[in-house]
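1. What follows is a predicted protein model with its sequence.
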Amino acid sequence: MATWGRHGTMAQQHIPVLIVGAGGAGLSLSLLLCQQGIASALVERRPDVSWYPRARNLNFRTLEVFRGLGLEAQIIAAGAHLSRTLRKETLASPAEGALPSIEQFLHIADHLEVLTPEPPFWYCPQSRLEPLLLAEAKRRGCDVRYNNDLISFAQDSEGVSATIRDRATEGTSLIRADYLVAADGAHSHIRKTLGVKGEGLGVLDEHYIFIYFRARWGDLIRGYENDAILIDRPGIRGFFLITDADRGMFLIQQESAEDYSFERCKELVVDGIGKPDLPVEIVDIAHWQPGQLVAEQFGQGRVFLVGDAAHTMPPKLGLGVNTAIQSAQNLAWKLAAVLKGQAPQDLLSTYQAERRPVGRLASEQSLVGPAAALLTKGRDDKLLPAEKRVPVFSLIAGYRYRSRAVLSQDVPPAYPAAQAGKDGVGAVEIELLEKPEALAGQPGTRVPHLWLEQGGRRVSTLDLFDGGFVLLVGPAGVPWQKAASGAAVSLGITLSAYRVGADGDAVDLEDGWQTKMGVPAEGAMLVRPDGFVAWRTSILPTDPEPLLAQVLATILCRPNTAPDVATG
């Protein structure tokens, strides 16, 4: 029901950030803002979380995001090691062996443990991830409203006014937000209302049917609970994806957009299971065509796009929800810095500068991939020729940001992730690192993983980040560490400083400080709240505090602060 004020006008709630869409991106953004001390309201038109296991595997970079939120243990417990893909004639028949794993398909490095404390991939499908994130959001006091629609919004120079409808009561309410974030999917109503155009191939000429069903198939799937089962024989070819002992999904490819009735879908499921006497109930049928589209603008005024609203991609490399969650992390700390008065709104322009090239490249590269290859038998290779493909490691973590929120003096080579469009949109460039060993602390890259001992515990450098800036200094960097508190106070920010060394805050268990960080014992590395290196230096000035304060101010896009400093 509507809430009315004293003079008969509808009361208006104020909230710093309004998020629309409670998928992986929206729920993660709510938690990331909460970590920053920023309140948000998250509205979702669905009545509840999804039980459909569409997005299935999280890559190591996404697991690192959740590690920083303190959720890694829950996600590991809720999931399992990377799912296998098994080939069978029917679900009831013996397996004909496992198909190559996604790591083999994607050529992920055999020794990725030197890069991350996380597994390369972890099976935690949408049907498990969303309930976990929702429960944690509620536990932390986040405002999450299912069965609520965004009816309209209007922005001005001071904020965004939105009308929200409760779908159960048909009542409406007003929210005044400083910022609006669209996490409302590939067909984003907010993006269309803004008039933001997209680049890409759009809807692809590929047709799939998701058949959601109930069946007491527990005995048949025992031992395969986390796997994808490819049913492959003349007349039927598709994947069984398992939700639980009573529910599942059958994915098939069509030659055209032909409608499949509930009766026809039931026949396909029963035929694929191979147990004619097993009762099957068809719950839903979704006809779907994948799309490849990237918004030309990830932000307009006080409205920002994340997830599929910003970068839609086929699921062929499993990058969709992973790219979405990583974009949410990038946006969260920047919104928080602006809302806290630590940075001007100019900082928010770096969200576009940093994440659009990544989203664009991931979207283009997802035109082909192992999942589709099993159904299409390689017929989609024409969408992305082999010579244009890049290593999947490069898409997950092997990229380097270029923006005002990174301070670096080198000018590296770049991969052209987009061509200049006929509408005048300029080419987008992104530097890619092809191998894990090339990730060595360069400004604009994810901070290197280094095993440390801290307080008697073995921790990663990634465990030192809890949403704030961090200064890492070498064994001889005591002056840098002492300068951190004064620099932070002068800028009104939180800055933690750790000296890595035998007598420091953390002992280097690998003796890898200089090799992995790329700076000597007297050097320092400034890392942003999202775990990306903002700046590093090999020098130690007599009085490092003014320099550090100037560097921080520059990273936060404060005016007239660009320092003339040596970087690495």
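-> On my side now, so go ahead. Numbering: from 1, shown residues only.

2. number of nearby residues for residue 128?
-> 21 (other C-beta atoms under 10 Å). Where you see a C-beta, it was placed from the backbone N, CA and C, and this is true even at glycine.

3. wait, it sits on residue 80?
-> No: look at residue 128 against residue 80 with C-beta atoms under 8 Å: they stay out of range, at 9.7 Å.

4. In contact with residue 488, which residues?
-> The contact partners of residue 488, taken as C-beta atoms under 8 Å, 6 or more residues apart in numbering, are 469, 494-495, 552.

5. got it, and residue 112?
-> So residue 112 contacts 60, 120, 436 (C-beta under 8 Å, 6+ apart).

6. and those as a markdown table, adding pLDDT, secondary structure and neighbour count?
-> Listed next are those as a markdown table, based on pLDDT from 0 to 100; DSSP: H, G, I helix; E, B strand; the rest coil; neighbours: other C-beta atoms under 10 Å:
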| residue | pLDDT | secondary structure | neighbour count |
| --- | --- | --- | --- |
| 60 | 93 | helix | 23 |
| 120 | 86 | coil | 23 |
| 436 | 83 | helix | 21 |
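
7. now these as CSV including distance to residue 369?
-> Formatted as CSV, the contacts of residue 112 follow (distance: C-beta to C-beta, whole Å):
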residue, distance to residue 369
60, 18
120, 16
436, 20
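
8. Out of those, flag the one nearest to residue 317.
-> residue 120 (13.2 Å; C-beta to C-beta).

9. The closest one and residue 506: what is the separation?
-> Applying C-beta to C-beta, to the nearest Å, the value for residue 120 to residue 506 is 26 Å.

10. just residue 223 next, same as before
-> Distance check for residue 223 against residue 506: by C-beta to C-beta, it reads 42 Å.

11. who has more neighbours, those two?
-> The neighbour count for residue 223 versus residue 506, taken as other C-beta under 10 Å, is higher for residue 506 (21 against 8).

12. residues contacting that one?
-> 452-454, 459, 464, 498-500.

13. ok, now with 7 Å
-> 452-454, 498, 500 (C-beta atoms under 7 Å, 6 or more residues apart in numbering).

14. Quick check: of the contacts of residue 112, which lies closest to residue 141?
-> Nearest to residue 141 among the contacts of residue 112: residue 60, at 29.3 Å, using C-beta to C-beta.

15. Count the neighbours of the nearest residue to residue 260 once chain neighbours are set aside for me.
-> With C-beta to C-beta, 6 or more residues apart in numbering as the criterion, residue 260 has its nearest non-adjacent residue at 5.6 Å, and that residue is residue 209. Using other C-beta under 10 Å, residue 209 has 20 neighbouring residues.

16. can you give me the helices in the stretch 401-550 of the chain?
-> Remark: helices assigned in the stretch 401-550 of the chain by DSSP state H, counting those that start in this stretch are 478-491, 513-517, 544-555.

17. One more: the stretch 1-150 of the chain?
-> Along the stretch 1-150 of the chain, the stretches classed as helices by DSSP H, counting those that start in this stretch are 24-35, 60-68, 72-78, 102-106, 126-139.

18. lowest-confidence stretch among those?
-> Within the helices of the stretch 1-150 of the chain, confidence is poorest for helix 102-106, with a mean of 57 (mean pLDDT).

19. What is the nearest of the contacts of residue 112 to residue 188?
-> residue 60 (28.0 Å).

20. residues contacting that closest one?
-> Here residue 60 is in contact with 116, 118-120, 396 (criterion: C-beta under 7 Å, 6+ apart).

21. again, only this time at 10 Å
-> 67, 108, 112-113, 115-122, 322, 393, 396-397, 449 (C-beta atoms under 10 Å, 6 or more residues apart in numbering).

22. buried subset of the residues you listed?
-> Neighbour-count burial (16 or more other C-beta atoms under 10 Å) applied to those gives 67, 108, 112, 115-122, 322, 393, 396-397, 449.

23. For those, point out the one with the lowest pLDDT.
-> Lowest pLDDT among these: residue 108, 63.
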